[in-house]
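Engineer: got a predicted structure plus its sequence, pasted below:
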Amino acid sequence: MQNAKIRRLPRTSRDRNARLYWLPMPRGEADKVILQCRIALESIRLQRAGLIEAQCIAQAVLLTGLLTEAGFGSLDAEILDDVEGNVLGLLNRGLTSGDWCLPEAVLPRLIVVINEHDRQLREVRLSAVIECNEHLERFIATLARSDKPPAR
């Protein structure tokens, strides 16, 4: 018998990256995403928001809801439903009238949802975040094709 070394085939980069999907989003990437959300939240709080800030907050709130439905959330459905309804109303109102302000009473619950979004990005496995984000993108694309405002 020859004394040959076992030759191992190199793993593809896809295999190596697949392991990363079971870990949370890299800290630096999560920091970038949540910083944008926090800036948008502050703009809404100061009543200086526009379309970009409203879209950022809406995406964060909807993604938080999807991740919660998938079993990765700690908020009550009542809080999420209330905030989702108010944020989608903000988008509708802003697009039609240019009013991008949320009622003062909604802000504490919105802050709770953005804090949960922050936690989810730092703790939930990346594959779940990607899956829910893709679901959200398909939902948005469907709305854009149907040209109907989101129902809430």
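Structural biologist: Happy to help now that I have it. Quick caveat: nothing in here was measured; it's all calculated off a predicted structure. Residues are numbered from 1 along each chain as shown.

Engineer: in the protein, which spans are helices?
Structural biologist: Here the chain has its helices, by DSSP state H, at 13-20, 27-45, 51-67, 77-97, 107-123, 126-146.

Engineer: hmm, Q55 is touching L91, no?
Structural biologist: Yes: between Q55 and L91 there is a contact under Cβ atoms under 8 Å: 7.3 Å. Just so you know, the C-beta spots here come from the backbone N, C-alpha and C atoms, and that holds for glycine as well.

Engineer: could you give the separation of stretch 135-151 from the chain centroid?
Structural biologist: Offset of stretch 135-151 from its chain centre (Cα atoms, centre = their mean, to the nearest Å): 16 Å.

Engineer: what mean pLDDT would you report for that stretch?
Structural biologist: In this model, stretch 135-151 carries a mean pLDDT of 78.

Engineer: format the helices of the chain as CSV; extra columns: mean neighbour count.
Structural biologist: Listed next are the helices of the chain as CSV, based on neighbours: other Cβ atoms under 10 Å:
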stretch, mean neighbour count
helix 13-20, 10
helix 27-45, 16
helix 51-67, 21
helix 77-97, 16
helix 107-123, 18
helix 126-146, 14
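
Engineer: worst mean pLDDT among those?
Structural biologist: helix 13-20 (a mean of 59).
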